[in-house]
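Undergrad: predicted model, plus sequence, below.
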Amino acid sequence: MRRKLAAGNWKMNGLGAALDEATSLAESHANTATEAATEIVLCPPATLVREMARRCQGTAVVVGGQDCHEAASGAHTGDISAEMLADAGAKYVILGHSERRAAYGESSDLVRHKARRAWQAGLRTIICIGESEDQRQTGKTLDVIGEQLAESVPHNASGETLVIAYEPIWAIGTGRIPTLDDIGEVHEFIRAQLKARFGGDAGDAVRLLYGGSMKPDNAAEIVRVANVDGGLVGGASLKAADFGRIIDAING
Ligand code: 13P
C-alpha cells in the first residue's frame, strides 16, 4: 500500500564529478521507474540540484534538497527557498535533520514553518526526528520523538506531502544501529501518533524511513521491521554501487 522509498542524503559532499554517480544509479535502476518499485530520491548539495534533476529527468531517480528557508524569498543571505529548489527540479526536501538542529539551533517550530512553505512550493517533505544517546539511555526516547513529531509537522499532513525519517542521532555516521525491536517500537509509536492526529487513512499513508548507518548489509533486515517503509541514507548513498545495493535490499 505504501510505496517503499530510498532517500540518499549527500550532506556537504559532492562536486560536479559526483553527478556521474546519480547518472550511474539511474542507469543501473532504469527498470525500477514503476509504482511497484522502491522510489529513489537523491538529495545532493544545492549546487548540484538543477544539473542532477536535468540528468535524471525521465529516470527512476528523483532529486531533493537538504533544507530550505521558511520564507519564499527576501533578504536572507546564504539561504535557499523551497521555490528555488522546486524551480531547479527538486521534488523533495529534507527538513529538521539533526545536524541542522544541532549546528544552527533549528527548533521543531521552525521546521514546521519550513515544511508549510515547502508544501506551498509543491515539494514533499522528509522531516527528521530522533533522540540523542543520553535521551535513549535515560528512557526518554518516545517522549522526545512524540514532541518533535507533534511540533515539526504542520496540520493537514498527508501521505502525498509528508515522509518522516526516524534518525537516532547516535546512530548517524557511527556504524551503530538500534536493535530491530527498538526501531520497531519507535516506528509503531510514530504510526500511532500520526493516525491519532491525522486520522487512520492519512496516518497510514505517511511513509516512515529509518536513518542512521543504514548499509548494504543491514538494509534488508531493517526494512523487514513493521512500519519501516525505507531508509534515509547518508554515507552509503554517495556511491551508486552501495546505494544501489541498499535500494535492491529495500525492494526485497
Ligand atoms: P549515515 O547513513 O551516514 O549514518 O547518515 C544518516 C543520515 O544522517 C541521513 O540523513
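TA: That came through fine. Residues are numbered from 1 along each chain as shown.

Undergrad: tell me who's in contact with the residue in the stretch 1-150 of the chain positioned nearest to the ligand.
TA: Taking CB to the nearest ligand atom, the ligand has its nearest neighbour within the stretch 1-150 of the chain at residue 9, 3.7 Å off. (C-beta placed from N, C-alpha, C; glycine too.) Each residue near residue 9 by CB atoms under 8 Å, 6 or more residues apart in numbering is listed here: 43, 66, 94, 97, 211, 232, 233, 234, 237.

Undergrad: among these, which ones are in strands?
TA: Using DSSP state E, the members of these that fall in strands are 43, 94, 211, 232, 233.

Undergrad: show me the subset of the residues you listed that also lies near the ligand.
TA: Among those, proximity to the ligand is found for 211, 232, 233 (CB under 6 Å from any ligand atom).

Undergrad: what is the first one paired to in the beta sheet?
TA: Using DSSP bridges, the beta-bridge partners of residue 211 come out as residue 232.

Undergrad: what does the stretch 151-252 of the chain have sitting close to the ligand?
TA: Within reach of the ligand by CB under 6 Å from any ligand atom, the stretch 151-252 of the chain has these residues: 167, 172, 173, 211, 212, 213, 214, 232, 233, 234, 235, 236.

Undergrad: what's the neighbour count on the third one?
TA: Other residues near residue 173 come to 13 when the count uses other CB atoms under 10 Å.

Undergrad: equivalent analysis for residue 226, please.
TA: Neighbours of residue 226 (other CB under 10 Å): 10.

Undergrad: pick out the residue of the stretch 151-252 of the chain closest to the ligand.
TA: residue 234 (2.3 Å).

Undergrad: how about that residue: what's its closest non-neighbour residue?
TA: Closest residue to residue 234 in three dimensions, ignoring its sequence neighbours and counting by CB to CB, 6 or more residues apart in numbering: residue 9, at 5.3 Å.

Undergrad: list phi and psi for the one you found.
TA: Backbone torsions for residue 9, taken as degrees, to the nearest 10, come to phi -110, psi 110.

Undergrad: for it, list each beta-bridge partner.
TA: Under the criterion used (DSSP bridges), residue 9 bridges to residue 43.

Undergrad: secondary structure element for the residue nearest the centre of the chain?
TA: The centroid of the chain falls nearest to residue 126 when counting by CA atoms, centre = their mean (4.2 Å). Element membership for residue 126, per DSSP states H and E: strand 124-129.

Undergrad: what helices or strands is the one helix or strand residue 111 maps to leaning on?
TA: Element membership for residue 111, per DSSP H and E: helix 108-120. Counting by 3 or more CB pairs under 8 Å, 6 or more residues apart in numbering; DSSP states H and E, the packing neighbours recorded for helix 108-120 are helix 82-88, strand 92-95, strand 124-129, helix 141-152.

Undergrad: tell me how far that helix is from the chain's mean position?
TA: From the chain centre to the centre of helix 108-120 is a distance of 15 Å (CA atoms, centre = their mean, to the nearest Å).

Undergrad: flag every buried residue along that helix.
TA: Buried positions in helix 108-120, judged by neighbour count with 16 or more other CB atoms under 10 Å: 108, 110, 111, 112, 113, 114, 115, 116, 117, 118, 119.

Undergrad: identify the residues contacting the fourth one.
TA: For residue 112, the residues meeting the contact criterion (CB under 8 Å, 6+ apart) are 151, 152, 153, 154.

Undergrad: for the last one, give me its contacts.
TA: Residue 154 sits next to 112, 115, 116, 119 when contact means CB under 8 Å, 6+ apart.
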